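1. Quick one, fold the following:
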Amino acid sequence: MKETFLCSCGLGGRNLSGQNLGGRGLCWRSLFLVGLFLVGLFCVVAAFSHDAATAAAETSAAESLGAGPTALSSRGLLPNRSQPEVLVDPGWLAERLCQPDLRILELGKRDAYDLGHIPQAAFVDWISDITDPDLPERYNVLSGRQMEQLLSRLGVGKKTTVVLYDRLANRLATRMFWSLRLYGHQQIEILNGGGNAWSVARQPLVTEVPTFAHTKYRVDPLDGALQADRAFIKSQLAKPQFALVDGRPTGQYTGQLPGKVFHTGKPHARRGHLPQAVNIPWQENLTADGRFKSVNRLRKIYNEHGVTPESTVVTYCNEGLHAAHPWFVLTELLGYRQVRLYDDSLSEWANTSDAPLVTSRDK
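-> Next comes the predicted model:
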């Protein structure tokens with residue numbers, strides 16, 4: 001962790017020692033103005049000779065992730081990245097902290113945020129801010145009006161690049177990603193590895209709470225192609241190309257353990273999984289350090305379970321939160337085109353008496 005954070009655009013903060021860094025940022029910018037001009041002139045010349053090497057390196061890195069040259073153009077790996085465009089690393093983010101068209105959101109609990117967060121990151125409560133308050137027993141997505149109010153308060157515009165992270169293996173970040181996509185927001189990134197990756201990279205943490213001018217955000221009509229309900233699932237069960245992905249722990253899938261709504265701890269009335277569902281616990285998407293596995297490894301995992309690009313896929317879990325992990329992997333990292341998230345998940349299905357469930361004893 002660095003002791004100071006200097007924001008070249010003059011936006012300050014406080015380090016974990018409580019020092020105010022705003023004025024220092026302005027001072028340093030003044031002192032180095034001439035030097036930066038000379039260095040910048042040198043960098044412009046050097047960049048021309050570096051372009052060819054960078055392009056070759058990016059292509060090689062993309063292929064190592066299993067993307068290949070064709071996917072490089074179709075999935076759009078951005079300059080200076082070696083991973084799909086929806087994932088960013090701490091170095092990439094650290095270089096862009098002060099960009100006015102970028103908004104960093106930490107999802108989680110307030111006490112953790114107050115102890116230290118990424119500079120310029122706004123706080124988003126993992127329950128009260130991103131779930132429908134009219135259905136507190138479920139983890140349902142916000143209504144369009146509620147989403148507009150949230151994004152307007154956070155100073156997000158339609159063209160703002162939103163960078164999401166949390167300290168829970170990006171479970172909250174992937175859920176918010178899906179929610180934003182549902183309402184048509186396009187420029188979204190996830191910090192690969194979450195807050196832990198930022199700390200491991202020894203990037204600065206601050207306690208200063210940033211403020212942003214409010215906007216008047218207007219959501220697009222909800223994209224129904226990204227969402228499933230009970231009626232849709234029942235209509236698809238007999239179709240050969242239909243796949244259900246249960247993202248919960250294996251014990252809950254088999255029925256050996258009760259399924260519980262994550263944010264309330266309330267167990268479901270019945271145990272087991274949906275008919276025909278395959279079990280790929282959300283942790284399977286990650287490496288030991290909390291980053292997403294390579295595209296090749298993820299593709300292998302899902303293909304081995306019969307979840308192929310040609311499938312119509314629905315992901316689900318106990319409450320809709322953990323279903324976002326496989327949805328994100330399939331849609332954003334693997335490029336599957338027909339993936340929906342069952343928002344009510346087992347908080348509805350397992351508490352509806354005529355909705356079929358399967359346990360290990362039934363096989």
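
2. so what does the biggest strand by length in the chain touch, helix or strand wise?
-> Under DSSP state E, the strand in the chain containing the largest number of residues is strand 102-108. Counting contacts by 3 or more C-beta pairs under 8 Å, 6 or more residues apart in numbering; DSSP states H and E, strand 102-108 is packed against strand 121-125, strand 161-165, helix 171-182. For the C-beta atoms, the positions are set from N, CA and C on the backbone; glycine is no exception.

3. Can you give the distance of the second one from its chain's centre?
-> A distance of 8 Å separates the C-alpha centroid of strand 161-165 from that of its chain, computed with C-alpha atoms, centre = their mean, to the nearest Å.

4. List of residues touching it?
-> Residues from elsewhere that reach strand 161-165, judged by C-beta atoms under 8 Å, 6 or more residues apart in numbering: 88, 93, 99, 101-107, 118, 121, 156, 170, 172-173, 176-177, 180, 185, 187-191, 194-195, 198.

5. picking that back up, name the surrounding residues that touch the longest strand of the chain.
-> With C-beta under 8 Å, 6+ apart as the criterion, strand 102-108 contacts 93, 96-97, 113, 117-118, 120-126, 130, 154-156, 160-168, 172-173, 176, 195, 212.

6. that older thread, could you point out which of the helices and strands packed on strand 102-108 sits nearest Ala269?
-> Nearest of the helices and strands packed on strand 102-108 to Ala269, taken as C-beta to C-beta: helix 171-182 at 24.0 Å.

7. For the closest one, C-alpha coordinates in PDB please.
-> Extracted C-alpha coordinates of helix 171-182, given in PDB (Å, rounded to 0.1, in the frame of the first residue of the first chain):
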ATOM      1  CA  ARG A 171     -20.000 -11.600  -6.400                       C
ATOM      2  CA  LEU A 172     -21.600  -8.200  -5.900                       C
ATOM      3  CA  ALA A 173     -19.800  -6.700  -8.900                       C
ATOM      4  CA  THR A 174     -21.000  -9.300 -11.300                       C
ATOM      5  CA  ARG A 175     -24.600  -8.800 -10.000                       C
ATOM      6  CA  MET A 176     -24.400  -5.100 -10.500                       C
ATOM      7  CA  PHE A 177     -22.900  -5.600 -13.900                       C
ATOM      8  CA  TRP A 178     -25.900  -7.700 -14.900                       C
ATOM      9  CA  SER A 179     -28.200  -5.100 -13.400                       C
ATOM     10  CA  LEU A 180     -26.600  -2.300 -15.400                       C
ATOM     11  CA  ARG A 181     -26.700  -4.400 -18.600                       C
ATOM     12  CA  LEU A 182     -30.400  -5.100 -18.000                       C
END
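
8. Does anything pack onto the helix or strand just after that helix? Which helices or strands?
-> Next along the chain after helix 171-182, taking DSSP states H and E as the criterion, comes strand 188-191. Judged by 3+ C-beta pairs under 8 Å, 6+ apart, strand 188-191 is in contact with strand 87-88, strand 161-165, helix 171-182.
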